[in-house]
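*Asks:* no sequence on this one, just coordinates:
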């Protein structure tokens, strides 16, 4: 059986050397980083670059995305479901924070239209794991949970984890890698899973609370 590839998909401004994605890339054999114009998070361009990388692969890939990279990865997956084995979405950025040109600079009256309408509000065509934070400055926890419900994701919320990046203390992240490996081994059962424990003896830093609440999805 051909080993599936893993694509690392950073967010706005990329993932520096100390970032958990860079560490995870060094830990996963054969993983590949998707390179973007890090200072210009244009959803159409980023998702196209991911789709091109998927097209070049001989088998479906696992995607590990962070922040704005999650939004681009979702678009690429919806357009190429046969090329994606599963999605690990870490701290997705709020699509309301971005427009067609990148980061929105203004959010009041007369502000540009966000990319929210481009993000699917239905279940994704592949299994997905969403890891959110209850104090993420780029996405309110309630919104993350709601998006997870829309996408049919298995959702976990971490306590006081910020944007789950270097600034909030996430360099090497063994628990994140452990969760990814567990997700890969169990992805085919995730839609049926209820109260499934992922860790036994969690570290004091990583505390997961499985989201059991029901949310309504966004209307068009």
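*Replies:* Cool, the structure landed. Computed from a prediction, not measured in an experiment: that's the story for all the values here. Residues are numbered from 1 along each chain as shown.

*Asks:* Please list all residues in contact with the residue positioned nearest the centre of the chain.
*Replies:* Nearest residue to the geometric centre of the chain (CA atoms, centre = their mean): residue 89, 1.9 Å. The contact partners of residue 89, by CB atoms under 8 Å, 6 or more residues apart in numbering, come to 65, 70, 73, 74, 128, 129, 130, 131, 153. For the C-beta atoms, the positions are set from N, CA and C on the backbone; glycine is no exception.

*Asks:* Of those, which belong to helices?
*Replies:* Judged by DSSP state H, helices contain the following of the contacts of residue 89: 70, 73, 74.

*Asks:* between the residues you listed, which is nearest residue 166?
*Replies:* The closest of the ones in helices among the contacts of residue 89 to residue 166 turns out to be residue 70 (CB to CB; 17.1 Å).

*Asks:* what about the nearest residue to the closest one once chain neighbours are set aside, neighbour count?
*Replies:* Leaving out its chain neighbours, the residue that sits closest to residue 70 by CB to CB, 6 or more residues apart in numbering is residue 92, at 3.8 Å. Around residue 92 there are 29 other residues, counting by other CB atoms under 10 Å.

*Asks:* that's a helix at residue 92, yeah?
*Replies:* No. Read with DSSP: H, G, I helix; E, B strand; the rest coil, residue 92 is coil and lies in no helix.

*Asks:* For the chain, which segments are assigned as helices?
*Replies:* Ranges of helices in the chain, per DSSP H, are 20-27, 43-55, 68-79, 141-151, 174-186.

*Asks:* what's the most buried one of these?
*Replies:* Greatest average neighbour count among the helices of the chain goes to helix 68-79 (a mean of 26), per mean count of other CB atoms under 10 Å.

*Asks:* and that helix with helix 43-55, angle?
*Replies:* 60 degrees (axes from the mean of the first three to the mean of the last three CA atoms, to 10 degrees).

*Asks:* circling back to that earlier point, need the helices of the chain in TSV (columns: mean pLDDT).
*Replies:* Output for these, formatted as TSV (pLDDT from 0 to 100):
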stretch	mean pLDDT
helix 20-27	98
helix 43-55	97
helix 68-79	98
helix 141-151	95
helix 174-186	95
